[in-house]
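Colleague: here is a sequence with its predicted model. Questions after.
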Amino acid sequence: MQWEIVVGLETHTQLTTRSKIFSGASTAFGAEPNAQACAVDLALPGVLPVMNKEAVRCAIQFGLAVGAKIAPMSVFARKNYFYPDLPKGYQISQFEIPVVQGGRVSFVLGDQVKTVQLTRAHLEEDAGKSLHEDYAGQSGIDLNRAGTPLLEIVTEPDMRSADEAVAYAKALHSLVTWLGICDGNMQEGSFRCDANVSVRPKGQEKFGTRCEIKNLNSFKFLQQAIVYEAQRQIELIEDGGTVVQETRLYDPDKGETRSMRSKEDSQDYRYFPDPDLPPLVIAESWVQEVAKTMPELPSQKQARYEAELGLSAYDAATLTATRAMSDFFEEALSKADKKNAKPLANWLLGEFSAYLNKANLDPSTSPIGPALMAQLIVRLADGTLNNKTAKTVFAALWDQEFTDVDACIKGKGLEQISDTGAVEKIIDEVLAANPGPVAEYRGGKEASFNFLVGQVMRAARGKANPAQVNDMLKAKLQG
């Protein structure tokens with residue numbers, strides 16, 4: 001039997017507000033346990049929650065970016081369940097009327113453009129954290145995270161593979177960090193996914209029983225968890241068993257999911273409107289005000305790069321994968337001239353990205369800034385450097401041996417030889433020293449030409465213009 005995987009994601013996005021969603025306590029990461037839990041977060045008697053306006057602004061920005069409806073009025077509800085790190089015994093969330101309704105996120109997977117429909121995005125508070133590692137036979141409770149503002153983004157069950165789910169998650173991660181509403185730090189829990197996974201025979205319309213895998217905080221774990229869980233369900237059904245709706249955890253050390261608890265339905269949480277919070281009313285004038293402050297979105301930049309700069313769809317999409325890379329590209333291009341957009345893109349996506357990945361750096365923290373990169377591209381364009389010598393200059397700039405491209409070229413003697421007479425002299429010497437390969441080329445052996453080009457470039461210490469060498473050498477051999 002052939003099986004189809006069905007995946008929906010719920011992503012908890014921590015909003016970049018300085019204070020919590022219903023209190024004035026700090027959201028800064030890394031404080032001592034319980035140092036940032038105030039009376040409201042601790043649910044002490046008599047305290048009341050007060051809505052954080054900046055959290056609502058973040059939700060509006062996201063809704064506008066995904067083409068969703070911004071609810072003019074939404075309601076906060078109490079989601080009742082008991083857990084040691086939930087001080088109130090309930091979580092303040094949104095249920096029947098969320099602040100963001102609908103929307104879509106598009107992304108490229110292979111050579112296809114995919115679109116995932118969003119069900120909703122709602123505001124809620126985070127719970128605290130249970131600590132088990134440092135307490136023999138006991139658990140510690142850290143309530144610093146309690147009350148941290150989250151935007152939970154829920155998809156329709158539109159994805160049909162782990163690859164598709166990861167591509168969507170990466171696109172969503174890029175979008176929320178691009179907007180600046182989330183720092184995207186997955187290790188700190190700022191962006192974490194719950195994956196709802198089910199399987200069904202291909203061609204069947206009815207969905208299978210789903211299991212939810214909680215708190216996946218890396219794209220690698222998301223991929224592995226979905227693949228394992230889908231295979232587990234398929235094998236269970238094929239062996240005559242039945243999938244039970246439940247919540248599961250992914251163990252990356254063992255590479256498997258395991259049962260955590262039976263999965264609750266919405267009625268199990270006994271939702272009801274929170275009597276301490278009035279409905280959240282968002283005026284259309286505020287939505288329009290937020291819309292005016294929105295940055296140019298990745299999809300808009302991609303279209304502009306293709307139309308105005310002549311970049312390929314792949315180059316445009318890769319340059320806009322993160323705001324940091326896009327900002328670097330645009331600043332460098334402003335100093336290097338638009339006609340150099342393609343070579344600049346090639347260098348950023350090639351040599352530059354390779355160095356960044358090796359050093360685990362972001363474009364904004366690179367030792368080579370946009371101005372230096374622009375200088376390098378200009379010297380390539382005017383023939384002062386070729387690709388080989390440019391890589392030598394790039395490496396020296398990266399290691400901070402020099403802080404200026406021209407000074408580096410002069411200091412290392414790398415200026416390209418473009419004088420026709422000088423190049424011709426080197427070619428004549430190489431031809432005279434290699435009669436065998438010359439005869440072989442003239443006898444029809446094309447590979448010998450590449451050997452001769454290599455010898456000329458070697459004699460010129462890599463400083464000759466390769467295109468010029470090719471043309472002049474060919475003319476000499478055919479003359």
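Modeller: On my side now, so go ahead.
Colleague: where does Ser106 fall, phi/psi-wise?
Modeller: phi -110, psi 150 (degrees, to the nearest 10).
Colleague: which residue comes closest to it once chain neighbours are left out?
Modeller: Among residues not flanking Ser106 along the chain, Thr115 sits closest, at 4.6 Å (CB to CB, 6 or more residues apart in numbering). In this view, the C-beta of every residue, glycine as well, is placed from N, C-alpha and C.
Colleague: neighbours of the one you found, just the number please.
Modeller: 10 (other CB atoms under 10 Å).
Colleague: that one belongs to a strand?
Modeller: Yes: under DSSP: H, G, I helix; E, B strand; the rest coil, Thr115 sits within a strand.
Colleague: for it, give me its contacts.
Modeller: Arg104, Val105, Ser106, Asp158 (CB atoms under 8 Å, 6 or more residues apart in numbering).
Colleague: check what contacts the strand or helix carrying the second one and list those residues.
Modeller: Taking DSSP states H and E as the definition, Val105 sits inside strand 104-109. If you take CB under 8 Å, 6+ apart as the criterion, strand 104-109 is touched by 66-67, 113-118, 155, 163-164, 167-168, 170-172, 175, 299, 317.
Colleague: same question, stretch 223-239
Modeller: 1, 3, 5, 7, 162-163, 165-166, 195, 197-199, 208, 211, 213, 216, 242-243, 248, 250, 252, 255-257.
Colleague: pLDDT on it, on average?
Modeller: Per-residue pLDDT over stretch 223-239 has a mean of 97.
Colleague: what of stretch 191-204?
Modeller: If you average the pLDDT values across stretch 191-204, you get 96.
Colleague: what do you get for stretch 41-54?
Modeller: 95.
Colleague: contacts for that stretch, please.
Modeller: 15, 17-23, 25, 39-40, 87-89, 92, 143, 146-147, 149, 274, 276-277, 280.
Colleague: what strand or helix carries the residue nearest the centre of the chain?
Modeller: Against the mean C-alpha coordinate of the chain, by CA atoms, centre = their mean, the closest residue is Ser174 at 4.2 Å. Using DSSP H and E, Ser174 sits in helix 162-179.
Colleague: what about Ala171, how many neighbours?
Modeller: 18.
Colleague: distance check, it against Leu109.
Modeller: 10 Å (CB to CB, to the nearest Å).
Colleague: equivalent analysis for Val456, please.
Modeller: 45 Å.
Colleague: what distance do you get for the residue nearest to the centre of the chain to Ala121?
Modeller: 16 Å.
Colleague: what's the answer for Gly411, then?
Modeller: 54 Å.
Colleague: one step back: now the buried members of the contacts of stretch 41-54.
Modeller: 15, 17, 19-23, 25, 40, 87-88, 92, 143, 146-147, 149, 274, 277, 280 (16 or more other CB atoms under 10 Å).
Colleague: any quick ChimeraX command for the buried ones out of the contacts of stretch 223-239?
Modeller: Applying 16+ other CB under 10 Å to those, the buried members can be selected in ChimeraX as follows:
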select :3,5,7,162,165,166,195,197,198,199,208,211,213,216,243,248,250,257
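Colleague: return the subset of the contacts of stretch 223-239 lying in strands.
Modeller: 3, 5, 7, 195, 197-199, 211, 213, 216, 248, 250, 256-257 (DSSP state E).
Colleague: just for the protein, where's the confidence low?
Modeller: For the chain, applying pLDDT under 70 flags the ranges 1, 263-264, 416-419, 479.
Colleague: which stretches in the stretch 251-400 of the chain count as helices?
Modeller: 284-292, 298-309, 313-319, 323-336, 341-347, 353-359, 370-381, 387-398 (DSSP state H, counting those that start in this stretch).
Colleague: ok so, going back, and the helix holding Ser174, what does it pack against?
Modeller: Secondary-structure packing of helix 162-179 (3 or more CB pairs under 8 Å, 6 or more residues apart in numbering; DSSP states H and E): strand 3-14, helix 53-65, strand 104-109, strand 112-125, strand 191-201, helix 219-238, helix 298-309.
Colleague: in its sheet, what does the shortest one sit against?
Modeller: Which is strand 104-109. Partners of strand 104-109 in the sheet, by DSSP bridges, are strand 112-125 (antiparallel).
Colleague: for Asp382, grab the count of nearby residues.
Modeller: Neighbour tally, Asp382, other CB under 10 Å: 10.
Colleague: quick check: the gap between it and Lys339.
Modeller: For Asp382, the distance to Lys339 - CB to CB - is 12 Å.
Colleague: next: Tyr314.
Modeller: 20 Å.
Colleague: so for Val456 and Leu109, which sits in the more crowded spot?
Modeller: More neighbours surround Val456 than the other of Val456 and Leu109, with 20 against 15 (other CB under 10 Å).
Colleague: surely the more buried one and Val430 touch.
Modeller: Yes: contact criterion CB atoms under 8 Å: Val456 and Val430 qualify, at 5.1 Å.
Colleague: the closest residue to Glu96 other than its chain neighbours: neighbouring residues, count only.
Modeller: Nearest residue to Glu96 in three dimensions, chain neighbours excluded: Val75, at 6.6 Å (CB to CB, 6+ apart). The tally of other residues near Val75 (other CB under 10 Å) stands at 17.
Colleague: from Pro273, how far off is Val75?
Modeller: From Val75 to Pro273 the distance is 5 Å (CB to CB).
Colleague: now Gly255: phi and psi?
Modeller: Dihedral angles (degrees, to the nearest 10) for Gly255: phi 70, psi 40.
Colleague: how about the contacts made by it?
Modeller: Gln224, Tyr228.
Colleague: is the closest residue to Arg261 other than its chain neighbours in a bridge, and if so with what?
Modeller: Nearest non-adjacent residue to Arg261, counting by CB to CB, 6+ apart: Thr247, 5.2 Å away. Taking DSSP bridges as the rule, Thr247 bridges to Glu212, Arg261.
Colleague: thought Thr247 was touching Arg258?
Modeller: No: applying CB under 8 Å as the test, Thr247 and Arg258 come out as separate, 10.6 Å apart.
Colleague: and for the closest residue to Leu397 other than its chain neighbours, the neighbour number?
Modeller: Take Leu397 and drop its neighbours on the chain: the residue closest to it by CB to CB, 6+ apart is Ile368, 5.2 Å away. Residues within reach of Ile368, counting by other CB under 10 Å, total 21.
Colleague: how close does Ile368 get to Lys342?
Modeller: 19 Å.
Colleague: same question for Asp406.
Modeller: 23 Å.
Colleague: so who does the residue nearest to Leu397 touch?
Modeller: Phe352, Phe394, Leu397, Trp398.
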